[in-house]
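[1] Make a model of this:
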Amino acid sequence: MTNEVKKVNTSEVDGVLTESVLVEPWITEASTAAMELNKYVFKVSPRSVKGQIKRAIENLYNVEVISVNTTKIPRKKRYYGKTPGWKSGYKKAVVTLKAGDKIELFQGV
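    Next comes the predicted model:
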């Protein structure tokens, strides 16, 4: 019997890949203003829970998360010319970081 060491993927949180929890950062005027208060907004997977989001942010950006607030934005009916359609809904999370921690979202811009 050999003693094999299992490699741990650093982007894995609770058996779920970080990329499947965090979809993208949410960049708007309001979210940019909230960055001054150490609050960052992310679009997240609809199935993700606050604990997964917290651990994903902490592992990916090496910061300490104080709180996570989530909200589900419902889908909306839109008309494309005369054709009705739906704009898909999504889930977003507002993450509050410990004072002094910072996430660099605009690197190289």
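
[2] for this structure, which spans come out with low pLDDT?
    1-18, 107-109 (pLDDT under 70).

[3] rerun that using 80 as the cut-off
    1-19, 106-109 (pLDDT under 80).

[4] Show me where this structure has its helices.
    For the chain, the helices defined by DSSP state H occupy 18-21, 29-34, 50-61.

[5] Give me the distance from the last one to the chain's centre.
    To tie it back to what came earlier, the one meant is helix 50-61. 8 Å (C-alpha atoms, centre = their mean, to the nearest Å).

[6] Which secondary structure elements does it sit against?
    Helices and strands touching helix 50-61, as assessed by 3 or more C-beta pairs under 8 Å, 6 or more residues apart in numbering; DSSP states H and E, comprise strand 12-13, helix 18-21, strand 22-25, strand 39-44, strand 65-73, strand 90-97. Backbone N, C-alpha and C define where each C-beta goes, glycine included.

[7] Assess the claim that S45 and A56 are in contact.
    No - using C-beta atoms under 8 Å, S45 is not in contact with A56, being 9.8 Å away.

[8] any shared contact partners between those two?
    21-22 (C-beta atoms under 8 Å, 6 or more residues apart in numbering).

[9] For burial, what's the neighbour tally of the closest residue to P84 other than its chain neighbours?
    Excluding the flanking residues, the one nearest P84 by C-beta to C-beta, 6 or more residues apart in numbering is K77, at 6.4 Å. A count of nearby residues for K77, using other C-beta atoms under 10 Å, gives 8.

[10] so what's K77 bridging to?
    W86 (DSSP bridges).
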